[in-house]
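Q: Next come a sequence and a model predicted from it.
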Amino acid sequence: DVKVTQSSRYLVKRTGEKVFLECVQDMDHENMFWYRQDPGLGLRLIYFSYDVKMKEKGDIPEGYSVSREKKERFSLILESASTNQTSMYLCASSLLGTGNRGNTIYFGEGSWLTVV
Amino acid sequence: AQKITQTQPGMFVQEKEAVTLDCTYDTSDPSYGLFWYKQPSSGEMIFLIYQGSYDQQNATEGRYSLNFQKARKSANLVISASQLGDSAMYFCAMRELSNTGGFKTIFGAGTRLFVKA
């Protein structure tokens, strides 16, 4: 089974702190994604990457950056956390292309971040 | 502009009846994919069904079927014979080609389904 592991389930950070959310997948997937989930807004794409050192902005990249130094690891960075970044963050991965079942994306368990 | 629109924030259905969850999408990419995911209260995201833009037939997976109307850009999920365990949040999603040649997947706002006994 595909496993997408997010390093922290629950975090509380102070405004202005630098925050790292780590994500690791074990299935050699090319694609990796970071979403945030907020009530009434669904999942919104922050950044994604389809190769090492490649990254592309999603719909809400402001205030975030990402790093993909190794294929299996995709990190989300909040350079200076703000209270409006309090949310649930979901990491996901998939194979590249349009293969079987559209190359379904697989999700981690989510990281609940509270910024105070 | 919203690329994935789910117009029903909440839906109620009687147990054992069928229910349709609406999804419309917008893309200029001729090759795209459409997904439905279920998120129960536990928070995990569960893949339900996939439809490719070139697939001629509507996708089915057990009690789930996808009513794909390409000209209308709609991809409604039909759940037959609803069960209490179907109570959850349901997300429609679309995979399309990105600006740099990768694939990105975007989601709608979701529909919360309540199944009544």
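A: Received, thanks. Source: prediction; values computed, not measured.

Q: List the residues that contact whatever residue of chain B ends up closest to chain A.
A: Among the residues of chain B, B:G102 lies closest to chain A, at 3.3 Å counting by Cβ to the nearest Cβ. Every C-beta, even on glycine, is put in place using the N, C-alpha and C of the backbone. Each residue near B:G102 by Cβ atoms under 8 Å, 6 or more residues apart in numbering or on different chains is listed here: A:N31, A:F48, A:S49, A:Y50, A:D51, A:M54, A:E56, A:L96.

Q: Which positions within stretch B:58-72 qualify as buried?
A: Of the residues in stretch B:58-72, those buried under the neighbour-count criterion (16 or more other Cβ atoms under 10 Å in any protein chain shown) are B:A59, B:Y64, B:S65, B:L66, B:F68.

Q: First-to-last residue distance for that stretch?
A: For stretch B:58-72, the first-to-last residue distance is 14 Å (Cα to Cα, to the nearest Å).

Q: Please work out the average pLDDT along it.
A: Per-residue pLDDT values over stretch B:58-72 give a mean of 96.

Q: I'd guessed A:I46 sits against A:R36; true?
A: Yes - applying Cβ atoms under 8 Å as the test, A:I46 and A:R36 come out as touching, 6.0 Å apart.

Q: shared neighbours of these two, which are they?
A: Contact criterion Cβ under 8 Å, 6+ apart; residues shared by A:I46 and A:R36: A:I60, A:Y89.

Q: Could you pull out the strands in chain A for me?
A: Listed in chain order, the strands of chain A (DSSP state E) span A:4-6, A:10-13, A:19-21, A:23-25, A:31-38, A:42-49, A:56-57, A:65-70, A:73-78, A:87-94, A:106-107, A:111-115.

Q: Format the ones you listed as a markdown table; extra columns: mean pLDDT.
A: Below are the strands of chain A laid out as a markdown table (pLDDT from 0 to 100):
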| stretch | mean pLDDT |
| --- | --- |
| strand A:4-6 | 95 |
| strand A:10-13 | 96 |
| strand A:19-21 | 97 |
| strand A:23-25 | 96 |
| strand A:31-38 | 96 |
| strand A:42-49 | 95 |
| strand A:56-57 | 94 |
| strand A:65-70 | 95 |
| strand A:73-78 | 97 |
| strand A:87-94 | 95 |
| strand A:106-107 | 94 |
| strand A:111-115 | 97 |
